[in-house]
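Participant: Below are the sequence and a predicted model for it; my questions follow.
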Amino acid sequence: MSLLFGGMMGAGIAALGAGLVLVRARFQAETGVGKLIVLGPVFEAVALAMFASEHFLATSNLMRIVPRWLPGPVFWTYFFGVALAAAAVSFIVWRWVRWSAPLLALFFFIIVATIDLPGMARHQHERLFWTLTAREWAFGCGALVLAGSEWRLRWKGTGVALMRIGRAFLAPIFVFYAIEHFLFPRYVPGVPLEKLTPAWMPAPVLISYLVGLTLLIAGPALLFPRMTRIAAAGAGMVLVALTVFFYIPILLTELHTPLAVEGMNYVGDTLLFASTALLAGFGANPNEK
């Protein structure tokens with residue numbers, strides 16, 4: 001087991017353990033699907049902690065992603081690692097979320113603006129380019145909804161606007177990913193990147209179609225207040241189940257191979273997408289028209 005793999009796994013397990021303990025009171029106070037939605041920040045923190053540790057342990061690899069025009073790539077790699085770790089801690093202890101959530105959203109939007117969009121001219125006809133760009137944008141929008149749910153407590157108008165904007169972008173991204181699941185069912189589901197589903201996985205096409213159908217239904221439903229929480233909870237827990245029963249088994253088969261870190265990244269990515277779906281349910285009022 002490499003130091004990088006062990007560090008990512010250890011950070012994720014520590015975040016999960018602390019998060020489940022500290023979320024207990026809020027979990028017990030919720031009813032119905034609210035019990036599922038309140039777990040969103042915990043799962044988000046797990047993924048953020050994993051990726052934060054990667055920034056510290058794989059600095060030489062990640063610093064290559066920093067735009068060339070930006071001086072000090074090592075500094076920025078560490079800086080954003082600290083930022084991800086701080087957001088994870090904030091979500092676990094449930095303090096300062098009013099600021100950590102919008103800053104996390106800004107983090108993902110900066111990635112889109114500085115890394116993804118500058119390559120549009122070269123990669124605009126590549127499926128993977130749009131999949132990755134939509135992924136980072138979706139992560140940012142999930143954090144934006146969470147920020148809006150917190151801001152609404154003091155600045156109602158601004159908070160409601162942030163939540164609506166976040167869901168307005170998440171809905172078409174869910175539909176876009178759903179279509180990809182139907183067109184390319186042999187690729188791993190959730191965030192359909194370039195990895196093919198292993199041959200030993202049972203019913204891979206059926207799994208892809210079921211995840212695609214979930215996203216296809218949940219996407220538009222996010223825009224209807226009476227359905228938002230159910231859609232967010234349903235999509236989120238399907239993606240959590242996908243992480244546990246699909247990606248973790250794949251990771252276990254790759255544990256002693258050069259693909260172990262890649263497998264860990266897929267676990268973190270899918271869990272981050274799952275938590276994004278759950279965050280979309282924060283602040284939703286089923287009594288709104």
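Facilitator: Everything's here; your move.

Participant: wait, Leu3 sits on Phe56?
Facilitator: No: if you go by Cβ atoms under 8 Å, Leu3 and Phe56 don't touch, sitting 10.4 Å apart. In this view, the C-beta of every residue, glycine as well, is placed from N, C-alpha and C.

Participant: For those two, work out which one has more neighbours and name it.
Facilitator: The neighbour comparison of Leu3 against Phe56 (other Cβ atoms under 10 Å) goes to Phe56, with 17 against 10.

Participant: Grab the nearest non-local neighbour of that one.
Facilitator: Leaving out its chain neighbours, the residue that sits closest to Phe56 by Cβ to Cβ, 6 or more residues apart in numbering is Gly81, at 5.2 Å.

Participant: From Ile65, how far off is that neighbour?
Facilitator: 12 Å (Cβ to Cβ, to the nearest Å).

Participant: Pick out whichever of those two has more residues nearby.
Facilitator: Gly81 (20 against 13).

Participant: For that one, identify the helix or strand it belongs to.
Facilitator: helix 73-93 (DSSP states H and E).

Participant: Can I get that helix as CSV, trimmed to CA atoms?
Facilitator: Only the C-alpha atoms of helix 73-93 are listed here, as CSV (Å, rounded to 0.1, in the frame of the first residue of the first chain):
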residue,chain,number,x,y,z
PRO,A,73,2.3,26.0,-8.6
VAL,A,74,3.5,24.2,-5.5
PHE,A,75,2.0,26.9,-3.3
TRP,A,76,-1.3,26.8,-5.0
THR,A,77,-1.5,23.0,-4.8
TYR,A,78,-0.9,23.2,-1.0
PHE,A,79,-3.2,26.2,-0.7
PHE,A,80,-6.2,24.4,-2.3
GLY,A,81,-5.4,21.2,-0.3
VAL,A,82,-5.7,23.3,2.9
ALA,A,83,-8.9,24.8,1.5
LEU,A,84,-10.5,21.4,0.9
ALA,A,85,-9.4,20.2,4.3
ALA,A,86,-10.9,23.3,5.9
ALA,A,87,-14.2,22.8,4.1
ALA,A,88,-14.3,19.2,5.2
VAL,A,89,-13.7,20.1,8.9
SER,A,90,-16.4,22.8,8.6
PHE,A,91,-18.9,20.4,7.3
ILE,A,92,-18.1,17.8,9.9
VAL,A,93,-18.3,20.1,12.9
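
Participant: starting at the chain centroid, how far to that helix?
Facilitator: Distance of helix 73-93 from its chain centroid, counting by Cα atoms, centre = their mean, to the nearest Å, is 15 Å.

Participant: Give the buried residues for it.
Facilitator: Buried residues in helix 73-93, counting neighbours by 16 or more other Cβ atoms under 10 Å, are found at 73, 76-78, 80-81, 83-92.
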